[in-house]
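Visitor: for reference, the sequence and a predicted model appear below.
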Amino acid sequence: MTLPTYPVREPDPGVRRQVLAESAAQMVVSFRFETGAKGKLHSHPHAQSTYVAKGRFEFYRDGQSYQLSAGDSLVIPSGIEHGCICLEQGELIDCFSPRRDDFL
């Protein structure tokens with residue numbers, strides 16, 4: 001059986017996004033950031049968890065700031081405003097529930 005391969009997209013300067021796996025209930029996505037690149041403040045109805053696979057990030061969630069490094073993780077509840085800035089080139093692995101159809 002061959003698993004699907006999803007294209008790499010560039011949603012913002014210095015950010016590359018690739019869906020790794022998905023079903024209607026859940027999605028796993030890789031975000032690769034260059035140093036200084038930003039994930040703009042936004043919110044969505046999906047619950048999200050993010051895992052820092054490598055690098056260093058400053059996250060903003062619901063008006064609070066968090067410094068995260070490789071091995072750290074953060075949960076972002078549905079509807080909460082959040083974003084980040086990459087302090088050191090890195091990769092985030094995000095899980096969304098349900099799937100982000102806008103990423104397909």
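Guide: Received it, and whenever you're ready, just let me know what you need. Numbering: from 1, shown residues only.
Visitor: so where do the strands sit in this structure?
Guide: 8-12, 15-22, 27-33, 38-42, 47-61, 64-69, 73-76, 82-97 (DSSP state E).
Visitor: in CSV, list those strands along with mean neighbour count.
Guide: In short, each C-beta sits where N, CA and C put it, glycine included. Output for those, formatted as CSV (neighbours: other Cβ atoms under 10 Å):
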stretch, mean neighbour count
strand 8-12, 11
strand 15-22, 17
strand 27-33, 20
strand 38-42, 13
strand 47-61, 18
strand 64-69, 12
strand 73-76, 15
strand 82-97, 19
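Visitor: and those strands: which comes nearest residue 1?
Guide: For the strands of the chain, proximity to residue 1 was assessed by Cβ to Cβ; strand 15-22 is nearest, at 13.5 Å.
Visitor: who does that closest one pair up with?
Guide: strand 8-12 (antiparallel), strand 27-33 (antiparallel) (DSSP bridges).
Visitor: and the closest residue to residue 90 other than its chain neighbours, how far from residue 81?
Guide: Nearest in space to residue 90, with sequence neighbours left out and distances taken as Cβ to Cβ, 6 or more residues apart in numbering, is residue 55 at 1.5 Å. Going from residue 55 to residue 81 by Cβ to Cβ, to the nearest Å gives 22 Å.
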